[in-house]
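Asks: Based on what follows, work out the 3D shape:
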Amino acid sequence: MSVGNENITRLHIENKEYILIGTAHVSKHSAELVKEVIEAEQPDAICIELDEQRYKSIIDGNKWKEMDIFQVIKEKKASLLLMNLAISSFQNRMAKQFGINAGQEMIQGIESAKETGAELVLADRNIQITFSRIWGGIGLKGKAMLLTQVIASIFSKESISEEELEKIKEQDTINAILNEFTETFPKLKTPLIDERDQYLAEKIKNAPGEKVVAVLGAAHVPGITKEIKKEHDLTRLNEVPPKSKVPKIIGWLIPIFIISIIAYTFYTNPSAGMQQTLSWVLWHGAFAALGTAIAFGHPLAIVTAFIAAPITALDPITAAGWFAGTVQAYFRRPSVKDFETLSEDVFSFKGFWKNKVTRVLLVVVLANIGSSLGTFIGGADVIRLFIKHL
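Replies: Alright, predicted model coming up:
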């Protein structure tokens with residue numbers, strides 16, 4: 001028996017049949033279609049557009065309750081976790097509007113594999129590798145624009161029409177957020193779409209059995225249809241671009257430069273040196289404290305940011321946000337309820353600030369942003385005072 005549908009692509013390569021189901025990650029119809037096709041076709045293997053990390057997050061739905069917020073800060077993962085939560089909120093907001101669970105078609109694929117005895121294949125590349133390859137190829141300006149675009153899309157309160165949902169069927173959730181951005185930065189398409197088409201195609205092609213069903217975001221179907229006929233090196237596609245040494249070098253040069261200028265000024269003009277020191281402390285402290293206050297940080301977290309920022313700015317290994325975030329987590333420790341309501345709270349801008357988990361993450365991120373602004377402004381003022389008293 002077979003199912004006919006415009007969202008289904010059938011391929012016959014050598015002695016194997018591949019059935020690609022193009023879905024929208026927030027479409028109830030897509031989940032129903034996945035169930036219908038798998039029951040009708042009884043495939044040997046089912047490939048889903050998930051990696052190990054995203055698969056575990058679906059299976060371990062209550063994993064948030066076990067998260068150690070102090071460990072997140074210590075491992076410098078606050079920004080990454082906040083971004084992941086933000087992107088998740090965009091997908092969940094769309095799913096909630098249409099009365100379904102986000103990624104329901106992937107969940108259906110997992111359940112159908114168990115029901116039919118088909119082998120489940122996690123066919124997508126690790127999402128962190130994809131982000132790393134995107135991040136490494138768009139430059140400083142691109143990073144700033146990317147974050148702005150993502151955050152603006154996430155916190156938009158506009159409802160999504162059925163017509164817009166049909167458009168989303170042509171892209172996966174991340175693509176939907178970054179659609180306009182890819183027009184400005186065409187290089188983004190390579191790691192986000194093209195490379196994943198190749199990776200998915202290779203995994204699908206090597207899935208066991210003579211009949212394979214693949215559950216995919218519809219944007220990938222045309223690319224996979226082309227790439228599945230070629231050979232692809234998964235090791236190369238999994239390579240993380242080496243981090244540039246320039247930021248690290250600059251991170252050490254700035255404090256060395258600032259300390260040298262202040263030390264020389266103190267030697268030649270102690271009064272001017274004191275002015276420079278005061279300027280450095282006040283600019284850093286004020287901006288880091290302001291960032292913490294914007295995150296509605298605990299008063300002691302705000303004080304901690306003010307004290308830590310001028311010092312940590314001269315030490316590239318530490319950051320003001322880590323100290324402020326640790327104090328915030330200590331005095332406003334997230335409860336079990338905060339972790340239980342996290343998936344709901346990230347739906348909205350207000351929720352991000354209300355939940356104690358995301359409040360800690362915001363304190364870390366905004367305190368660090370404030371400290372970075374202080375470095376530029378405070379550093380410029382130190383140089384101004386140096387030139388003035390030459």
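Asks: For the rest of this, base every contact and every neighbour count on C-alpha atoms.
Replies: Fine.
Asks: For the stretch 151-300 of the chain, give me the ranges with low pLDDT.
Replies: 151-186 (pLDDT under 70).
Asks: at 80 what do you get?
Replies: By pLDDT under 80, the low-scoring segments of the stretch 151-300 of the chain are 151-189, 241-248, 251.
Asks: what about stretch 212-223, start to end distance?
Replies: One end of stretch 212-223 to the other measures 17 Å (CA to CA, to the nearest Å).
Asks: list the buried ones in it?
Replies: Neighbour-count burial for stretch 212-223 flags 212, 213, 214, 215, 216, 217, 218, 219, 220, 221, 223 (criterion: 16 or more other CA atoms under 10 Å).
Asks: dump the residue contacts of the third one.
Replies: So the one you mean is residue 214. 18, 19, 20, 21, 46, 47, 48, 49, 204 (CA atoms under 8 Å, 6 or more residues apart in numbering).
Asks: Would you mind giving the secondary structure of it?
Replies: Using DSSP: H, G, I helix; E, B strand; the rest coil as the criterion, the local structure at residue 214 reads strand.
Asks: I'd like the distance between it and residue 19.
Replies: 6 Å.
Asks: Mutual contacts of these two, please.
Replies: Contacts common to residue 214 and residue 19, judged by CA under 8 Å, 6+ apart, are absent.
Asks: re the thing from before, let's see which of the contacts of residue 214 end up in strands.
Replies: 18, 19, 20, 21, 46, 47, 48 (DSSP state E).
Asks: Could you check how far residue 59 is from residue 208?
Replies: Residue 59 is 23 Å from residue 208, where distance means CA to CA.
Asks: ok, the two, which is more surrounded?
Replies: residue 208 (18 against 11; other CA atoms under 10 Å).
Asks: out of the contacts of residue 214, which is most surrounded?
Replies: Neighbour counts for the contacts of residue 214 (other CA under 10 Å) peak at residue 46, which has 30 neighbours.
Asks: List the contacts of that one.
Replies: Per CA under 8 Å, 6+ apart, neighbours of residue 46: 109, 113, 118, 119, 120, 121, 212, 213, 214, 215.
Asks: Next, format those as JSON lines and append distance to residue 78.
Replies: Listed next are these as JSON lines, based on distance: CA to CA, whole Å:
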{"residue": "109", "distance to residue 78": "32"}
{"residue": "113", "distance to residue 78": "35"}
{"residue": "118", "distance to residue 78": "38"}
{"residue": "119", "distance to residue 78": "36"}
{"residue": "120", "distance to residue 78": "32"}
{"residue": "121", "distance to residue 78": "30"}
{"residue": "212", "distance to residue 78": "39"}
{"residue": "213", "distance to residue 78": "37"}
{"residue": "214", "distance to residue 78": "34"}
{"residue": "215", "distance to residue 78": "32"}
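Asks: Widest-spaced pair of the buried residues of stretch 212-223?
Replies: Pairwise distances among the buried residues of stretch 212-223 were taken by CA to CA; the largest, 19.1 Å, belongs to 212 and 219.
Asks: in the stretch 201-350 of the chain, which spans are helices?
Replies: Secondary structure of the stretch 201-350 of the chain (DSSP state H, counting those that start in this stretch): helices at 221-227, 234-237, 246-268, 270-294, 299-312, 320-331, 336-340, 342-345, 349-354.
Asks: Residue 239: neighbour count?
Replies: 12.
Asks: now the one 10 residues further on
Replies: Using other CA under 10 Å, residue 249 has 11 other residues around it.
Asks: Next one: it from residue 32, what distance?
Replies: Applying CA to CA, the value for residue 249 to residue 32 is 53 Å.
Asks: cool, residue 54 as well?
Replies: 21 Å.
Asks: likewise residue 129?
Replies: Taken as CA to CA, the span from residue 129 to residue 32 is 31 Å.
Asks: neighbour-wise, which of those two wins?
Replies: When residue 129 and residue 32 are compared for neighbours, residue 129 comes out ahead with 16 against 13, by other CA under 10 Å.
Asks: Quick check, residue 211 in contact with residue 18.
Replies: Yes. Here residue 211 reaches residue 18: they are 6.0 Å apart, a contact under CA atoms under 8 Å.
Asks: where do the contact lists of the two overlap?
Replies: Common neighbours of residue 211 and residue 18 (CA under 8 Å, 6+ apart) do not exist.
Asks: I figured residue 110 hits residue 121, correct?
Replies: No. Counting by CA under 8 Å, residue 110 stays clear of residue 121, with 9.4 Å between them.
Asks: Common neighbours of those two, please.
Replies: residue 48.
Asks: so how far is residue 114 from residue 107?
Replies: Counting by CA to CA, the gap from residue 107 to residue 114 is 11 Å.
Asks: Look at these two and report which has more neighbours.
Replies: Neighbours were counted for residue 107 and for residue 114 using other CA under 10 Å; residue 107 has more, 18 against 12.
Asks: ok, and the closest non-adjacent residue to residue 48?
Replies: Spatially, and ignoring its direct neighbours in sequence, residue 48 is nearest to residue 215 (4.9 Å; CA to CA, 6 or more residues apart in numbering).
Asks: For the one you found, name its beta-bridge partners.
Replies: residue 21, residue 48 (DSSP bridges).
Asks: Show the contacting residues for it.
Replies: Residue 215 neighbours (CA under 8 Å, 6+ apart): 20, 21, 22, 23, 34, 46, 47, 48, 49, 105, 106, 109.
Asks: at 10 Å what do you get?
Replies: With contact set as CA atoms under 10 Å, 6 or more residues apart in numbering, residue 215 has these partners: 8, 19-23, 30-31, 33-34, 46-50, 105-106, 108-109, 123, 221.
Asks: just residue 300 next, same as before
Replies: Applying CA under 10 Å, 6+ apart to residue 300 gives the contacts 306, 324, 327, 328, 331.
Asks: Thank you, goodbye.
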